[in-house]
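[1] Fold the stuff below for me.
(chains A, B, C and D)
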Number of protein chains: 2
Amino acid sequence: MKISTKGRYALRLMLDIAMNDTVEPVRLKDTAMRQSISVKYLEQIISLLVRAGYVKSIRGPQGGYRLAKKPAEYTVGMILRQVEGNMAPVACLENDAVDCERQSECVTIRIWKELDEAIQGVLDKYTLADLVNWQEEQGNEYII
Amino acid sequence: MKISTKGRYALRLMLDIAMNDTVEPVRLKDTAMRQSISVKYLEQIISLLVRAGYVKSIRGPQGGYRLAKKPAEYTVGMILRQVEGNMAPVACLENDAVDCERQSECVTIRIWKELDEAIQGVLDKYTLADLVNWQEEQGNEYII
DNA sequence: TGTTAGCCTAGTGTGTCAATAGGAAATGGA
DNA sequence: TCCATTTCCTATTGACACACTAGGCTAACA
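    So this is what the prediction gives:
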């Protein structure tokens, strides 16, 4: 029951882009430095976000990445679901789940359903904008 | 972000014992039949529950397993945490976590903390007794 | 003393995780 | 036009966990 590095890094990556998008787009090289994650690994993660249309890329020198929309338009859940796949705690709650033959007599699914709702509830309650605000409130002056 | 079969089976196993504990203790062979899980795999899972003191074993012929306490005294979370290890969504929230060097500037941890509370909240809200009730309400007559 | 149960440890195939590696393609500047 | 920079794409790899299976041992009842 763990969120993988891919999911956690994706969130930090999106936050890093949100916070450093100035005149120039954000280069992965710089994000990699700031976040202590390899460029190569970030490339893989961001390709998922580009394909989803969450991030726009600009190639060549002075290229980089920009958010496609405003930070407030991305919930944490949207980002995690994009890179982690489904965030449901059991497979039978996934959209494309093959239905389980025990489903009719299954009572544990009630727990999993409520758990799923609780998880998605928290993850969709916050947006990138919230993270940006928190980061600005807290200790960001130290980093500059 | 998935609960493993070990966790899911443990819950079904405890529920099965709770529902079939009569004069004779519950044999794994029977649970295996009812739940469509191999005896060998159930043995491994139940050994974790015996060690935790959640289940008492009786050896020899007419042996089997009994719950050590009443169904209402086991929350779903207790059972899952026992076999799955920690149910925290990120490693840095575990009891014995080595502290992360980025922790002071980390804002994503606020999300993970709230997520963790939501998860434990749901899992500790229900007990085995609830599952027993649900099972009795619903379709249990079909199985008999 | 044999059968029936639980107890214990080892092994195994499969897959995912968490990266690293290498090169191709685009683009702006000298 | 060439070069440096940056994104894009695919392959590979080591480690580890997952989900079991297998085999033998021990306790207890009849």
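
[2] rest of the way, CA atoms for contacts and neighbours
    OK.

[3] Counting by contacts, list what the host helix or strand of A:A32 packs against.
    Assessed by DSSP states H and E, A:A32 sits inside helix A:28-35. Contacts defined by 3 or more Cα pairs under 8 Å, 6 or more residues apart in numbering or on different chains; DSSP states H and E place helix A:28-35 against helix A:5-20, helix A:39-51.

[4] do the shortest one and DNA strand C meet?
    Yes: under the criterion of Cα under 7 Å from any atom of the strand, helix A:39-51 makes contact with DNA strand C via A:40-41, A:44.

[5] For A:L67, give me its contacts.
    Counting by Cα atoms under 8 Å, 6 or more residues apart in numbering or on different chains, A:L67 touches A:14, A:17-18, A:54-56.

[6] any idea how far B:R8 is from it?
    39 Å (Cα to Cα, to the nearest Å).

[7] correct me, but A:D16 touches A:T31?
    Yes: contact status for A:D16 versus A:T31: in contact at 6.5 Å, counting by Cα atoms under 8 Å.

[8] What is the neighbour count of A:G60?
    By other Cα atoms under 10 Å in any protein chain shown, 7 other residues sit near A:G60.

[9] ok so it is a strand residue?
    No: counting by DSSP: H, G, I helix; E, B strand; the rest coil, A:G60 is not part of a strand but coil.

[10] Give me the distance between it and A:A18.
    From A:G60 to A:A18 the distance is 21 Å (Cα to Cα).

[11] ends of stretch A:1-9, how far apart?
    17 Å.

[12] swap in stretch A:92-101?
    End to end - Cα to Cα - stretch A:92-101 spans 11 Å.

[13] residue contacts, A:K6?
    So A:K6 contacts A:45, A:83-84 (Cα under 8 Å, 6+ apart).

[14] Format the helices and strands packed on helix A:28-35 as TSV; extra columns: distance to A:C106.
    Below are the helices and strands packed on helix A:28-35 laid out as TSV (distance: least, Cα to Cα, whole Å):
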stretch	distance to A:C106
helix A:5-20	31
helix A:39-51	35
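
[15] For chain A, what lies in contact range of DNA strand C?
    Within chain A, the positions lying close to DNA strand C (Cα under 7 Å from any atom of the strand) are A:4-6, A:37-38, A:40-41, A:44, A:58-62, A:84.

[16] returning to that earlier point: and the contacts of the helix holding A:A32?
    A:12-13, A:16-17, A:37-39, A:42-43, A:64-65.

[17] mind running it again at 10 Å?
    A:9, A:12-17, A:20, A:36-43, A:46, A:63-65, A:143, B:102 (Cα atoms under 10 Å, 6 or more residues apart in numbering or on different chains).

[18] With stretch A:20-27 instead?
    A:16-19, A:30-31, A:39, A:56-59, A:61-67.
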